[in-house]
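Visitor: build me a structure from this.
(chains A, B, C, D, E and F)
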6 protein chains.
Amino acid sequence: MFISILTKTIGQTRVLRSSTINRHFSSNLSDYGNVEGIKLSEVADNVLNIQINRPEKRNAFTSTIIAGFRSIFDKLNTDKHFRTAIISNTGDFFTAGIDLNYFSSLYPTGVEDTARKAMRLLWLISNMQETMKSVISCQKPIISVVNGGCIGFGVDLISCTDIRFCSESTFFQVKEVELGLAADMGSLQMLPRIVSNQSFLREVVFTGSKFSSKKGLEHGLVSKVLPDSETAFQSALDVAKLIASRSPIAVQGSKVNLDYARDHSVADGLKFNIVWNIAMLQGEDVMKSAMAIVSKSPEPPKFDDL
Amino acid sequence: MFISILTKTIGQTRVLRSSTINRHFSSNLSDYGNVEGIKLSEVADNVLNIQINRPEKRNAFTSTIIAGFRSIFDKLNTDKHFRTAIISNTGDFFTAGIDLNYFSSLYPTGVEDTARKAMRLLWLISNMQETMKSVISCQKPIISVVNGGCIGFGVDLISCTDIRFCSESTFFQVKEVELGLAADMGSLQMLPRIVSNQSFLREVVFTGSKFSSKKGLEHGLVSKVLPDSETAFQSALDVAKLIASRSPIAVQGSKVNLDYARDHSVADGLKFNIVWNIAMLQGEDVMKSAMAIVSKSPEPPKFDDL
Amino acid sequence: MFISILTKTIGQTRVLRSSTINRHFSSNLSDYGNVEGIKLSEVADNVLNIQINRPEKRNAFTSTIIAGFRSIFDKLNTDKHFRTAIISNTGDFFTAGIDLNYFSSLYPTGVEDTARKAMRLLWLISNMQETMKSVISCQKPIISVVNGGCIGFGVDLISCTDIRFCSESTFFQVKEVELGLAADMGSLQMLPRIVSNQSFLREVVFTGSKFSSKKGLEHGLVSKVLPDSETAFQSALDVAKLIASRSPIAVQGSKVNLDYARDHSVADGLKFNIVWNIAMLQGEDVMKSAMAIVSKSPEPPKFDDL
Amino acid sequence: MFISILTKTIGQTRVLRSSTINRHFSSNLSDYGNVEGIKLSEVADNVLNIQINRPEKRNAFTSTIIAGFRSIFDKLNTDKHFRTAIISNTGDFFTAGIDLNYFSSLYPTGVEDTARKAMRLLWLISNMQETMKSVISCQKPIISVVNGGCIGFGVDLISCTDIRFCSESTFFQVKEVELGLAADMGSLQMLPRIVSNQSFLREVVFTGSKFSSKKGLEHGLVSKVLPDSETAFQSALDVAKLIASRSPIAVQGSKVNLDYARDHSVADGLKFNIVWNIAMLQGEDVMKSAMAIVSKSPEPPKFDDL
Amino acid sequence: MFISILTKTIGQTRVLRSSTINRHFSSNLSDYGNVEGIKLSEVADNVLNIQINRPEKRNAFTSTIIAGFRSIFDKLNTDKHFRTAIISNTGDFFTAGIDLNYFSSLYPTGVEDTARKAMRLLWLISNMQETMKSVISCQKPIISVVNGGCIGFGVDLISCTDIRFCSESTFFQVKEVELGLAADMGSLQMLPRIVSNQSFLREVVFTGSKFSSKKGLEHGLVSKVLPDSETAFQSALDVAKLIASRSPIAVQGSKVNLDYARDHSVADGLKFNIVWNIAMLQGEDVMKSAMAIVSKSPEPPKFDDL
Amino acid sequence: MFISILTKTIGQTRVLRSSTINRHFSSNLSDYGNVEGIKLSEVADNVLNIQINRPEKRNAFTSTIIAGFRSIFDKLNTDKHFRTAIISNTGDFFTAGIDLNYFSSLYPTGVEDTARKAMRLLWLISNMQETMKSVISCQKPIISVVNGGCIGFGVDLISCTDIRFCSESTFFQVKEVELGLAADMGSLQMLPRIVSNQSFLREVVFTGSKFSSKKGLEHGLVSKVLPDSETAFQSALDVAKLIASRSPIAVQGSKVNLDYARDHSVADGLKFNIVWNIAMLQGEDVMKSAMAIVSKSPEPPKFDDL
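Guide: Below you'll find the predicted structure:
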């Protein structure tokens, strides 16, 4: 594929406008820009915090926020510095879902034919799903900390992340059926792979009934319920820091392989795992880790950024 | 495919014996006929109750009942009126499984050759599995309410439904190993996708040991255990009514997509979901729902039958 | 599953209405009934000939004929006597496809909502596809002999069969694009697995252009082109007779495994093949065949019906 | 999903910055911009011609051209006007593949650790593959017309298109093995699904040997070989015009379903096809087509843009 | 395939060196040989106990033990006598994982080129994974009884078994991330299919944090926690004896079908189940079981070894 | 996984009995041993020739030869020296298939129960299929040169190889149906992926009819037909030498990815391809190749053994 070694050797490099290809290697907060309704900060070394920040509208998602999430996760995926991210919310509501006002004008108008309208909807939903795919396929572990209501699109979003904590007062609602439609932003695909009680899941999907943080824990949607927003965030931050202290090669390799295994047979997953590791086991993190263990160093090893 | 619009336009319709193709659009109880051992009733608007009704034999399934279930679920799948169904039992035993007496004469006789006997068994089991497939692929949500023993084929049956409640005195048994055979009516395929503890599941499959309603809840086979038969049924009925009040387009679309997601990768599931919705989002239920929300109507919207 | 051995042993068989389950074991021509537009005959021992027989309308398919094909192939699948079938046509046109007049009244009317109309179309197309599935999944080898035009649904049909011969004057047309729609009766799924030149295939699908028997042979749609209708049929009959003389266990096992392999990985196909053979290798046909070979018998062995 | 109907009804639309979501509905040539090394033109109504245009370097691909292709095919995918595209070349060489000089500087430098370098390569190759995915997943039929050498990346590219013609003097080379690497831009995935002789394919992949247009036709890589560049292009243009005259709903639906069928089982393909058609059969093109046929109109029907 | 019947019939058997093919039909303990670090015993009729036995090194796995496990499970798979196995540990530590000292010399040395080193790693990891595949694909149910720490490779191992019990003092650790690498011995593939809370799972994988037996039970890694090593083993033994008393045809058929269902769609699983049963339902265990039930025999039926 | 780097660094390597794990790195002819009925030679640098050598019995496969093939291909897979292999035959018959006399005694005897006999057949066929899997999964390209009859198992064997040439007088026969059974050694899985005319394929499978080298070429089973045995072998040898002169990293990477693509979707294949290449592109062969091209060296580059 890339024969750059060549050029190094025989020295005939030309100026290359590689930015068109090589555009995604972000490595600091300012690369992410400002998006209205999203607040970004580095809450600990290598830990990005993404806050949904439109509390006056119960954090309802605008098309700008949705597009913003896509851009953030695309960048984060190949970011050299950040190793994990926490999604949380300002205010006391995680999100009311998609803001109807914002989205109504997206609906295809000016076309009457059912088939052509269908084609526009195809492009539109595909485009929105790209945001979910950016979250799902981001190589860095993503932690959701939910506080307050988590409704509709909010459930889609957290179900595409890796680790989910919430505060006691949190409630959840798969609201789409109440809106007269079948969810198409990930809930129907991800929840059954996350929630441990399928009978419970189908009840809340078909009825659109709300359920509490307690039920969320009991049936596996979250793994921890903390007393309040602060303790929930702190708990997530502790996990995030621990993750950030591990080898990013090891952590991200684990995520890539867990995700691959989710969609393939055990045999296929094992094989992919081998091919991944034949490169990664040649890295320095394996040796650093082993030396730390053997030398019984009181300090954990430090791993370079990507 | 169908160019009927044409005929409307240029008016040359002939008499069509379309019943041979277009035969399944049932829409009232009498279309379902009477099957010995099954009791049908409309327990609430748009809610069908299917009772296993052979209490003198602990509701053991005859071949007539099995064929009856297939016919009922095939009809229900394209029924314009019923929106959900509850499977329950008369008497105090959900089912003892398949009635050995009834089924013994099905076993292929009059053929000695092992290969030809194998071919007959292939046809026979395939035919019986069609009943399970009718249940699994029915677009309407199916709720099982189990009261009393639920054995063998009974476990196959409820594991093919969407939502499972039971009374406290209920017990379950994957009995096939005790019968010297590997279950082939769905348990081995569906239970691992339902039950949350795979170690528990394999124990009860390999030993054929009974387990209680409490274990059933703990390990995810059911989502609610109620004190007795009446409260269990009432609880299911409440859920069924709520489901029946929702848009049937939204509810069934959700089921179709959950089922698709079960057997495909996340990416495939998302794509199928889009293609489903490009037709369904053009329907009136979406608007009705949105208007009800925006207008803060105290009444939930009413949705037409299919 | 079936514990009939028990009954034989301890003698308590009751009368069983098994016909509801065990209904498909046809074994002679009269079991197939008469369908207007289809002519059935036993053209050689164990060889069924299915002729499309509506020459006055260029053998256009009515809904009756489509439903008839489904019924015939469902029966044939578990028929004890017939071992292979030949689909051919009376007259000098294989088929003009689906008869628009017949099908126009199938199109859902009396429903305005786009979503509900979509649901009706779903049921309708699903129902029609059942005919294609009956052909595809029939365990007996099916040979198509095409003479004259083979258009639209005709291409769907032959692409679901195993072996395809035609006469020199035959031409083919994947007509659906000309009708303003994407084919949904099997062509788009089966042709790419049959035709050897994908560039050619996509051209004829996207343009709807006719192509000759010569192109059909060159690009793998058919395997033999004979001078005329009679020689084409005779050639198919020779193959059919040879197939019918082979062990039906071996022939049908080969088809089942080829079909399984088409939709699964090589490893999966090999494993399924083993499980199939652990029953079938215990049959008498293996021994009969081996003895015929070892004894150098001038007569080929005779194999029992299923 | 989108509740725009609501807004239409109750009138509270706000200004929406929808461009962030709804950005891809191009509909004329100027939307595509200018890319150095690519020449775009509308060679017939609704037919886009994409020419590789760097003849002084034997049309070797720069990173700019690769990024340009991605952008063009992303736009074309949701373009309302163009219905098909032809990829061809200026000069007498289709392409010499990727330009080594341009790409050498893309190779990750400044990182020594094998694992981290592997991660950079992962991002880089993924990014380049996005161009191939844009071509593969573009809903519009793409025709390649090859004239002169088609090497390395050129073979990847045409194998991702639908229809392939070439001139007599054309030759092909899967060059990657000669470069010391396994192709990773699509050849190894697409060629085995296109080429009819797998033994031939593996020979040319493992040896990197050139092969002629004649071999290309014989083994199914192309479907037509024309005397020279002009006749080849004209032949492609005729096909393109015919495609452009068909219903874009029908043509693109056929492509979507052929592509889905390629990667799924027959049963899955059939089911997806149904769900696609329940929207599309409600469109006006079906009726227009049927009326044209019934009325025996000498003029083919005209279909609206998307 | 095998035409042995022939030889029986016409009597021309020659001496066959079949051992090269037919080599795995072990049936007593001595066939398993002695492996340093593994202790084998028949703890009840037909029940094999495999103890990890290197307590002085916290049962860390040497390459000898890993190879030993492969050999044992390959034999057990086709053993005619043993019907189930229990993996447990001597000492008070289940296992500390792979012994670093032993494995360090396996790492490819004497080769500098990254690609060639990658190839060596491919062979090496593949070879080690063969042990996991031997465990996963063994037809006999395997029970793990964990007592004390279960770390790294230990978690891989038990996640490849069917039933998992542990003592109260047990703790678990997915340690690989701490070692700077992504686990490649099965944890990432098997745990998500076993553990009921995916958020919990991803936390412990990404952080490498230890978790208690209580968490293991709560989140579905084990199905029973017993007070101590002895009661845990006894509990496993009771289950093992019950399994061993069942028809080995039924038990192993159930495992084969559960495993198949794990990696295939429901429809595929049901079909495979049929083909498996058309041989197995012709066996004597079905009749024996049925007779025992009908005759209400106080004694459970005895089933022959395989 | 392997922390050997550690040991190198801190020097505490112990003696390791690694042979149990690390046993397959053969690198010269004598490692392969002698197998009766197989002749091995190095016909050119890095090119292994495997001759079926039992001409007095028309090269019929004994169980020894089958086991020998498995052993040879397992070794070859991880051989550091040989880069490709040619399978050919001594005498004038490629192979008559499996020798019935040798195999008759493999058939399970001494067991009457149908289910238990089925289990023995399962083990036996699985064991024999391991040979086919060794051929299929060998990373080195395998060329078959067929001269004379290629019957039954011979067709299975060559269909598992990469490149197939034959002499003019060669004929082929998928003989299994004539033996009363469905082939289970790979033909039914591999042939449909190789042969370009599926109608032809199904005819020869269902009838067991012989077909000529000409038909084999026409329908894609072979890619070259040469006048006689010598020219066919020479032609294969030329290809083998060319392959052996290429980078073994590139050649084997191409084979691994072609094989992966065969059994996965295009998207999955592309992703696997990336992960493979992120290790392999860091190897020296890429640079050597690029330098040879840039420097226009008249000598092709020399690549190290693995």
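Visitor: burial check on the closest residue to chain C within the stretch 101-250 of chain A, number of neighbours?
Guide: When scored by C-beta to the nearest C-beta, the stretch 101-250 of chain A has residue A:114 as its residue closest to chain C, at 5.9 Å. C-betas here are computed from N, CA, C, even on glycine. Using other C-beta atoms under 10 Å in any protein chain shown as the criterion, residue A:114 is surrounded by 21 other residues.
Visitor: cool, residue A:109 as well?
Guide: A count of neighbours around residue A:109, defined by other C-beta under 10 Å, yields 14.
Visitor: torsion angles phi and psi at the closest residue to the residue of the stretch 101-250 of chain A closest to chain C other than its chain neighbours?
Guide: Spatial nearest neighbour of residue A:114, excluding adjacent residues (C-beta to C-beta, 6 or more residues apart in numbering or on different chains): residue D:282 at 4.0 Å. The phi and psi values for residue D:282, taken as degrees, to the nearest 10, are phi -90, psi 0.
Visitor: residue ranges with poor pLDDT in the stretch 1-150 of chain A?
Guide: For the stretch 1-150 of chain A, residues meeting the criterion pLDDT under 70 lie at A:1-27, A:105.
Visitor: isn't there a helix covering residue A:188?
Guide: Yes. Secondary structure assignment (DSSP: H, G, I helix; E, B strand; the rest coil) places residue A:188 inside a helix.
Visitor: check contacts around it.
Guide: Applying C-beta atoms under 8 Å, 6 or more residues apart in numbering or on different chains, one finds that residue A:188 lies in contact with A:182, A:205, B:254, B:257-258, B:261, B:269, B:273.
Visitor: among the residues you listed, which pair sits farthest apart?
Guide: Among those, the pair separated by the greatest distance (C-beta to C-beta) is A:205 and B:269, at 13.9 Å.
Visitor: the more surrounded of those two?
Guide: residue A:205 (28 against 23).
Visitor: run through the residues of chain A sitting next to chain C.
Guide: Residues of chain A lying close to chain C by C-beta under 8 Å from any C-beta of the partner chain are A:114, A:267.
Visitor: what about the helices in chain A?
Guide: Using DSSP state H, the helices assigned to chain A run over residues A:4-10, A:63-77, A:100-104, A:114-136, A:153-159, A:187-194, A:198-207, A:213-218, A:229-245, A:248-262, A:266-280, A:284-294.
Visitor: just the ones you listed: most buried one?
Guide: The highest mean neighbour count among these, using mean count of other C-beta atoms under 10 Å in any protein chain shown, belongs to helix A:153-159: a mean of 28.
Visitor: can you show me the CA trace of it as PDB?
Guide: Output in PDB follows, covering the C-alpha atoms of helix A:153-159 (Å, rounded to 0.1, in the frame of the first residue of the first chain):
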ATOM      1  CA  PHE A 153     -32.700   9.200  21.300                       C
ATOM      2  CA  GLY A 154     -31.000   9.300  24.700                       C
ATOM      3  CA  VAL A 155     -31.500   5.500  25.100                       C
ATOM      4  CA  ASP A 156     -30.200   5.000  21.600                       C
ATOM      5  CA  LEU A 157     -27.100   7.000  22.500                       C
ATOM      6  CA  ILE A 158     -26.100   5.300  25.700                       C
ATOM      7  CA  SER A 159     -26.800   1.900  24.300                       C
END
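Visitor: what does that helix contact?
Guide: Counting by C-beta under 8 Å, 6+ apart, the neighbours of helix A:153-159 from elsewhere in the structure are A:61, A:69, A:87, A:94-98, A:132, A:135, A:144, A:146, A:150, A:164, A:172-175, A:183, A:185-187, A:190-191, A:194, A:221.
Visitor: gap between it and the chain center?
Guide: 10 Å (C-alpha atoms, centre = their mean, to the nearest Å).
Visitor: enumerate every residue touching the residue nearest in space to the middle of chain A.
Guide: For chain A, the residue lying nearest the average C-alpha position, counting by C-alpha atoms, centre = their mean, turns out to be residue A:135 (3.5 Å). Residue A:135 makes contact with A:69, A:73, A:142, A:157, A:160-161, according to C-beta under 8 Å, 6+ apart.
Visitor: again with residue A:246
Guide: For residue A:246, the set of contacting residues under the criterion of C-beta under 8 Å, 6+ apart consists of A:303, E:177-178, E:206-208.
Visitor: buried subset of the contacts of helix A:153-159?
Guide: If you count burial by 16 or more other C-beta atoms under 10 Å in any protein chain shown, the buried members of these come out as A:61, A:69, A:87, A:94-98, A:132, A:135, A:144, A:146, A:150, A:164, A:172-175, A:183, A:185-187, A:190-191, A:194, A:221.
Visitor: hmm, residue A:139 is touching residue A:75, no?
Guide: No. Counting by C-beta atoms under 8 Å, residue A:75 is not a contact partner of residue A:139; they are 12.0 Å apart.
Visitor: what sits against the residue of the stretch 101-250 of chain A closest to chain C?
Guide: Counting by C-beta under 8 Å, 6+ apart, residue A:114 has contacts B:282, C:114, D:279, D:282-284.
Visitor: between the residues you listed, which sits nearest chain F?
Guide: When those are compared for distance to chain F, the smallest value, 24.1 Å, is given by residue D:279; criterion: C-beta to the nearest C-beta.
Visitor: who's in contact with residue A:178?
Guide: Residue A:178 neighbours (C-beta under 8 Å, 6+ apart): A:208, B:246, B:289, B:293.
Visitor: the second one and chain E, how far apart?
Guide: According to C-beta to the nearest C-beta, to the nearest Å, residue B:246 stands 26 Å off from chain E.
Visitor: within reach of chain D, which of the contacts of residue A:188 are there?
Guide: Among the contacts of residue A:188, chain D is touched by none when using C-beta under 8 Å from any C-beta.
Visitor: and the residues you listed as JSON lines, adding pLDDT?
Guide: Below are the contacts of residue A:188 laid out as JSON lines (pLDDT from 0 to 100):
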{"residue": "A:182", "pLDDT": "97"}
{"residue": "A:205", "pLDDT": "98"}
{"residue": "B:254", "pLDDT": "98"}
{"residue": "B:257", "pLDDT": "98"}
{"residue": "B:258", "pLDDT": "98"}
{"residue": "B:261", "pLDDT": "98"}
{"residue": "B:269", "pLDDT": "98"}
{"residue": "B:273", "pLDDT": "98"}
